[in-house]
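Quick one, fold the following:
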Amino acid sequence: MTIRRARRRTWSTVVTAAVVAWLIGVVVSTTPIAADNTRWGAAYFPNVTLITQDGAAVHFYDDLIKGKTVAIDLIYTTCKYACPLETARLVQVQRLLGDRVGRDIFFYSITIDPEHDTPAVLKEYAAKYHVGPGWTFLTGKAADIELISRKLGLYSAPNPDNPDGHTPSLLVGNEPGGQWMRNSALDNPAFLARTVSDWLDGWKTNAARPLASFADVPVMNVDVGEYTFTNHCVACHSIGGGDAIGPDLKGVTAKRDHAWLQRFIARPDLMLADGDPIARMLLDNYKQVRMPNLSLTEQDAAVLLDYISRASSDSAAASAGARATPMPPMPGMPDSSPARSLSPPAPAGAASAATSMLIDAYLRLQQALADDRMETVGEDALALANATVKIGSKAATVRAAVNPFAQARDLRAAREAFGGLSETIIALVGDALPDGLAIAYCPMARKSWLQRGDDVQNPYYGKAMADCGRIVSASSRIHR
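Okay, here's the model as predicted:
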């Protein structure tokens, strides 16, 4: 946003204090401030004219923002990358919020490609994704939309290295109270729903809710395939629940060639570009909703297909998957083909040493991300993968979870990969937590990790929010 540095510092202080108060369970008493008396009112937001998917002319501030709690993102209907998942995720958020959307919470999706995205195109796009009432899709003049995106902090400068064209961010705000927050539009739908419904009403709803005890948290039993499906697929697909935005996947591993499924999950955009007949048929059958490229590797796809097969109770498909042609290894990762897959179980002493190597490599990753460093991430991920080979089949899920690091080129990608890896490491260690280690949990990221010591070192936010989180279990407090 085009706001002076001193104002940004003041706004950051207000948001940080409120979030910290929420985290520690302190009830914050605030006096509502009229929007016209804040820097986030009529004097700040542009009041340009936009056109809805129904062809109605509206003013951005007067008709859409003023006096409302809103969730705003930027999309374009021909996007082959983040937008399809972004919209599908927000449909999940809308369902979680129920009839509050359109009554006291309003969703707005603004196209950044107004030349193509006419009201009729936007209306058809909304119908494809089963968008409900209270969510408006908007187009207008390109210059006006760029002005809005800059003012909202959602603008992405043209980048030849980014084929997507924009960053999938979601701005949520309470205009009367002057509260605004930007999140990833691809985040967990339950987290986004809570952000919109609880945090932006002056924390009134959240303050009335008793804090849950960590003693009541169930023991984690992580299935990497299920995690991958929930994180990447459930917004558009079900397994046995019928067609949604995309097809029901029950039994798909028995109906389709395993190698084809792996390629389609990993690179659907290339398969469509190459004119693959099945990919084209699926696009036509599901109203031209594109399967987005989610940067999944073929190893990720293999884990995902194994879960779909198991969830479909399709033992024949599972057997076929096991007989599939071996996948080529990712650069820098050990070969995962059957001939050189997981090594035979190591002797007890060697397995213990390998586990120590695995944990040490993991902790180096955790510390690097907490320090905002990428220099050693690839090396440590490779050391971790090698340790899983020495441990054997017991560490198979960890081995699968470390694969995404082969494609991580920046902190954001490394942190996304670290979440799934942490869950598998914690599940592998179980109650046998080595001395000096602790399990920490960040309620903002809703993720856990292992670390040394009791001073929180958050790998998901790094130096920006290094102390965000709590120690939930340490070796000295494990009940054996």
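
Could you tell me which residues make contact with Phe45?
Phe60, Tyr61, Ile65, Lys151 (CB atoms under 8 Å, 6 or more residues apart in numbering). Where you see a C-beta, it was placed from the backbone N, CA and C, and this is true even at glycine.

So which of those residues belong to helices?
Lys151 (DSSP state H).

need the contacts of Phe45 in a markdown table with distance to Ile105, neighbour count and pLDDT, can you?
What follows is these, written out as a markdown table (distance: CB to CB, whole Å; neighbours: other CB atoms under 10 Å; pLDDT from 0 to 100):
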| residue | distance to Ile105 | neighbour count | pLDDT |
| --- | --- | --- | --- |
| Phe60 | 17 | 25 | 95 |
| Tyr61 | 18 | 18 | 94 |
| Ile65 | 13 | 25 | 93 |
| Lys151 | 21 | 16 | 90 |
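
which one of the contacts of Phe45 sits closest to Glu298?
Lys151 (41.9 Å; CB to CB).

nearest residue to Thr118 other than its sequence neighbours?
Nearest residue to Thr118 in three dimensions, chain neighbours excluded: Thr139, at 6.6 Å (CB to CB, 6 or more residues apart in numbering).

correct me, but that neighbour touches Leu122?
Yes: using CB atoms under 8 Å as the test, Thr139 is close enough to Leu122 to be in contact (6.2 Å).

Can you pull the residues that touch both of the two?
Thr111.

And the contacts of the helix or strand hosting Glu423?
Per DSSP states H and E, Glu423 falls inside helix 411-429. Helix 411-429 has contacts (CB under 8 Å, 6+ apart) with 220-222, 224, 227-228, 231, 295, 358-359, 362, 365-366, 369, 372, 374, 377, 384, 394-395, 397-398, 400-402, 404-405, 407-408, 439, 445, 447-450, 459-460, 462.

Can you go through these and name the buried ones?
For the contacts of helix 411-429, a burial check counting by 16 or more other CB atoms under 10 Å picks out 222, 224, 227-228, 358-359, 362, 365-366, 369, 377, 384, 395, 397-398, 400-402, 404-405, 407-408, 439, 445, 447-450, 459-460, 462.

Take those and keep only those in strands.
Ile439, Lys447, Ser448, Trp449, Leu450 (DSSP state E).

Now for the last one: which residues touch it?
By that I understand Leu450. Neighbours of Leu450 in contact, by CB under 8 Å, 6+ apart: 359, 362-363, 366, 422, 425-426, 429, 433, 437-440.

cool, and the fourth one?
With CB under 8 Å, 6+ apart as the criterion, the residues that contact Trp449 are Gln366, Phe418, Ser422, Ile426, Ile439, Ala440, Pro459, Tyr460.

burial count for the second one?
Per other CB atoms under 10 Å, the neighbour tally for Phe418 reads 28.

residues in contact with the lengthiest helix in the chain?
Secondary structure of the chain per DSSP H: the longest helix is helix 348-370. Here helix 348-370 makes contact (CB under 8 Å, 6+ apart) with 345-346, 374-377, 380-381, 383-384, 386-388, 390-392, 394-395, 398, 411, 414-415, 418, 421-422, 425, 429, 434, 437, 449-452, 457-460, 462-463, 466.

which residues of the stretch 151-300 of the chain score low on pLDDT?
158-166, 199-212, 214-222 (pLDDT under 70).

In space, what's closest to Trp180 - neighbours in sequence excluded?
Gly173 (4.0 Å).

neighbours around the one you found, how many?
Gly173 has 22 nearby residues by other CB under 10 Å.

do the one 10 residues further on as well
Taking other CB under 10 Å as the criterion, the count of residues near Asn183 is 19.

so what's the residue nearest to Trp180 bridging to?
Val70, Trp180 (DSSP bridges).

Ok, Ala57 next?
Going by DSSP bridges, Ala57 forms beta bridges with Ile51.

doesn't Ile51 make contact with it?
Yes: look at Ala57 against Ile51 with CB under 8 Å: they come within range, at 5.9 Å.

so who does the most centrally placed residue in the chain touch?
In the chain, the centroid-proximal residue (CA atoms, centre = their mean) is Asp187; its distance is 3.7 Å. Counting by CB under 8 Å, 6+ apart, Asp187 touches Arg89, Leu170.

Phi and psi next, for it.
Backbone torsions for Asp187, taken as degrees, to the nearest 10, come to phi -70, psi 170.

Equivalent analysis for the one 3 residues further on, please.
Ala190 has phi and psi values of phi -60, psi -40 when expressed as degrees, to the nearest 10.

tally of neighbours for Tyr249?
Not Tyr; residue 249 is Leu. If we define neighbours as other CB under 10 Å, then Leu249 has 25 of them.

what does Cys79 give?
Neighbour tally, Cys79, other CB under 10 Å: 22.

okay, Ala57 and Ile51: which has more neighbours?
Shown here are Ala57 and Ile51; by other CB under 10 Å, Ile51 has more neighbours (18 against 10).

In terms of pLDDT, where does that one sit?
pLDDT, Ile51: 96.

Check whether it really touches Asp117, as I assumed.
No: under the criterion of CB under 8 Å, Ile51 makes no contact with Asp117, lying 10.2 Å away.

what is in contact with the two at once?
Counting by CB under 8 Å, 6+ apart, the residues touching both Ile51 and Asp117 are Thr139.

Please name the residues that touch the residue lying closest to Val224 once chain neighbours are set aside.
Take Val224 and drop its neighbours on the chain: the residue closest to it by CB to CB, 6+ apart is Thr397, 4.7 Å away. By CB under 8 Å, 6+ apart, the residues touching Thr397 are Val222, Asp223, Val224, Thr424, Ala427, Leu428.

Just put those residues in CSV and tack on distance to Phe45.
Below are these laid out as CSV (distance: CB to CB, whole Å):
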residue, distance to Phe45
Val222, 43
Asp223, 45
Val224, 44
Thr424, 45
Ala427, 47
Leu428, 50
